[in-house]
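Chemist: What would the 3D arrangement of this be:
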Amino acid sequence: MFVIARLGHLLGAALVDAELHERDRRLALELDAANTERARSVAALNHREAVHEEFTRLAATGTELDVATSLSRLTDSTVVLHDRFAHETTRITAAGESPPGRRASLA
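Modeler: The predicted model follows:
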């Protein structure tokens, strides 16, 4: 009877230990998910801050060409400037350079 009682206690302790390990594993997964979401939020906030600072600087000192270049760099896309007659005057690539022969004065 002593051996059976002792084995029962050991089995109970092993089951509690397994339950604790499973709970810790679930908690670790939840914390990983929360950390991933927090990292995404921080990256988004840093990007928004960079955009805000860039356009604040441009609002004070930038020309149309500066604004278009910054917009192209921030969005990683091509920006096309048109004059008031809807003619393309400048095309700015995401690298900040115009294709050869495409840059025109904004004056």
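
Chemist: Let me know the secondary structure of Thr91.
Modeler: If you look again at residue 91, you'll see it is Arg, not Thr. strand (DSSP: H, G, I helix; E, B strand; the rest coil).

Chemist: Need the per-residue pLDDT for it.
Modeler: Arg91 carries a pLDDT value of 76.

Chemist: Quickly list what it is bridged to.
Modeler: Judged by DSSP bridges, the bridge partners of Arg91 are Val80.

Chemist: That one touches Ser77, doesn't it?
Modeler: No. Judged on Cβ atoms under 8 Å, Arg91 makes no contact with Ser77 at a distance of 11.4 Å. From N, CA and C alone the C-beta is placed, and that goes for glycine too.

Chemist: So the two - more neighbours on which side?
Modeler: Each of Arg91 and Ser77 has its neighbours counted (other Cβ atoms under 10 Å); Arg91 has more, 17 against 11.

Chemist: what is the mean pLDDT for the lengthiest helix in the chain?
Modeler: Across the chain, the helix with the greatest residue count (assigned by DSSP state H) is helix 2-61. The average pLDDT for helix 2-61 rounds to 92.

Chemist: which other helices and strands contact the helix or strand just after that helix?
Modeler: Next helix or strand after helix 2-61 toward the C-terminus (DSSP states H and E): helix 64-75. Helix 64-75 is packed against helix 2-61, strand 79-82, strand 88-92, with contacts defined by 3 or more Cβ pairs under 8 Å, 6 or more residues apart in numbering; DSSP states H and E.
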